[in-house]
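1. Sequence and computational prediction follow.
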Amino acid sequence: MLPSGSVDTGSIADAITDFMARATELASFPPAHHWTAKPRSATLNAMNPDFLREAIRLSLEKMEAGEGGPFGAVIVRNGEIVGRGWNRVTSINDPTAHAEIVAIRDACCRLGTFSLAGCEIYTSGEPCPMCFAAIYWARLERIYYAATCEDATAAGFDDAPFYRQLALPPGSRLIQVVQDLRQEACEAFAAWLRKPNRVVY
Ligand SMILES: [Zn+2]
């Protein structure tokens with residue numbers, strides 16, 4: 001609930017109502033995303049096998065060192081490696097510590113930014129759905145990969161089954177999803193849109 005006695009209560013309630021009506025409308029007519037990758041013909045660098053081999057080298061070296069599964073990745077900007085990552089799932093007890101995620105965090109930390117627009121990722125294996133989405137969130141502009149999703153599946157990893165899960169209607173997926181309290185949660189979205197100094201990403 002909104003705080004009682006707030007002078008702005010009425011307008012906040014109106015903002016939430018307006019926000020939810022707008023969101024419902026957008027569910028039927030989603031807008032074009034505010035960000036688009038450069039056209040495929042744009043002047044991104046051609047695939048550099050040295051960077052892909054560096055990702056593959058990391059996949060083997062770090063796996064043998066006991067860091068996690070056999071996956072490595074590097075982030076490249078203007079022909080220079082600006083971030084490296086390798087799978088660390090089992091060594092740091094983090095199921096999200098895939099090579100691509102670790103490389104994105106490394107590059108963002110080094111560059112002091114949350115956007116990797118203008119960068120490319122080289123990864124030893126085709127990204128799983130989580131990493132694929134992280135690559136979108138990071139605004140990376142191109143993916144180069146070596147081993148396929150099917151190769152990873154043959155090695156015992158769940159990439160391909162997860163891709164199939166996402167393609168199913170929500171009610172048919174293995175993990176049950178329950179939704180409730182939409183209006184209460186939308187208070188934060190309405191407040192976000194009213195926040196004058198919000199940092200959009
Ligand atoms: Zn992944």
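-> Now that the structure is in, tell me what you want to look at.

2. use CA for all of it now, contacts and neighbours both
-> Will do.

3. Name the helix or strand for the residue most central in space within the chain, please.
-> Geometric centre of the chain, nearest residue: residue 134, 1.4 Å, by C-alpha atoms, centre = their mean. Assigned by DSSP states H and E, residue 134 falls within helix 129-137.

4. Pull the residues that contact the next helix-or-strand element following that helix.
-> Downstream of helix 129-137, the next assigned helix or strand under DSSP H and E is strand 142-147. Applying C-alpha atoms under 8 Å, 6 or more residues apart in numbering, the set of residues contacting strand 142-147 from outside is 47, 52, 119, 120, 121, 122, 123, 124, 125, 126, 127.

5. The same query, at a cut-off of 7 Å, please.
-> For strand 142-147, the surrounding residues in contact (C-alpha atoms under 7 Å, 6 or more residues apart in numbering) are 120, 121, 122, 123, 124, 125, 126.

6. Need those in TSV (columns: pLDDT).
-> Converted to TSV, the contacts of strand 142-147 look like this (pLDDT from 0 to 100):
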residue	pLDDT
120	96
121	98
122	98
123	98
124	98
125	98
126	97
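
7. what lines up beside the strand or helix carrying residue 81 in the sheet?
-> According to DSSP H and E, residue 81 maps onto strand 80-86. Next to strand 80-86 in the sheet, as set by DSSP bridges, lie strand 72-77 (antiparallel).

8. mind checking how far the helix ranked longest in the chain is from the chain centre?
-> Assignment by DSSP state H gives helix 9-28 as the longest helix of the chain. Relative to the centre of its chain, helix 9-28 is centred 27 Å away, using C-alpha atoms, centre = their mean, to the nearest Å.

9. Flag every buried residue along the next helix or strand after it.
-> Where DSSP H and E defines the elements, the next helix or strand beyond helix 9-28 is helix 49-64. For helix 49-64, a neighbour-count test (16 or more other C-alpha atoms under 10 Å) marks 51, 52, 53, 54, 55, 56, 57, 58, 59, 60, 62, 63 as buried.

10. Identify the residues contacting the last one.
-> Just to be clear, that refers to residue 63. Residues in contact with residue 63 (C-alpha under 7 Å, 6+ apart) are 69, 70.

11. packing partners for the helix holding residue 134?
-> The contact analysis (3 or more C-alpha pairs under 7 Å, 6 or more residues apart in numbering; DSSP states H and E) places helix 129-137 against helix 99-111.

12. For the longest helix of the chain, output the C-alpha coordinates as CSV.
-> Only the C-alpha atoms of helix 9-28 are listed here, as CSV (Å, rounded to 0.1, in the frame of the first residue of the first chain):
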residue,chain,number,x,y,z
THR,A,9,-0.9,9.6,-2.8
GLY,A,10,-3.6,10.4,-5.4
SER,A,11,-1.2,11.1,-8.2
ILE,A,12,0.9,8.1,-7.4
ALA,A,13,-2.2,5.8,-7.5
ASP,A,14,-3.1,7.4,-10.8
ALA,A,15,0.4,6.8,-12.1
ILE,A,16,0.2,3.1,-11.1
THR,A,17,-3.2,2.7,-12.8
ASP,A,18,-1.9,4.4,-15.9
PHE,A,19,1.2,2.4,-15.9
MET,A,20,-0.7,-0.9,-15.6
ALA,A,21,-3.1,0.0,-18.4
ARG,A,22,-0.1,0.9,-20.6
ALA,A,23,1.6,-2.4,-19.7
THR,A,24,-1.5,-4.4,-20.6
GLU,A,25,-1.7,-2.6,-23.9
LEU,A,26,2.0,-3.3,-24.6
ALA,A,27,1.4,-7.0,-24.0
SER,A,28,-0.6,-7.1,-27.2
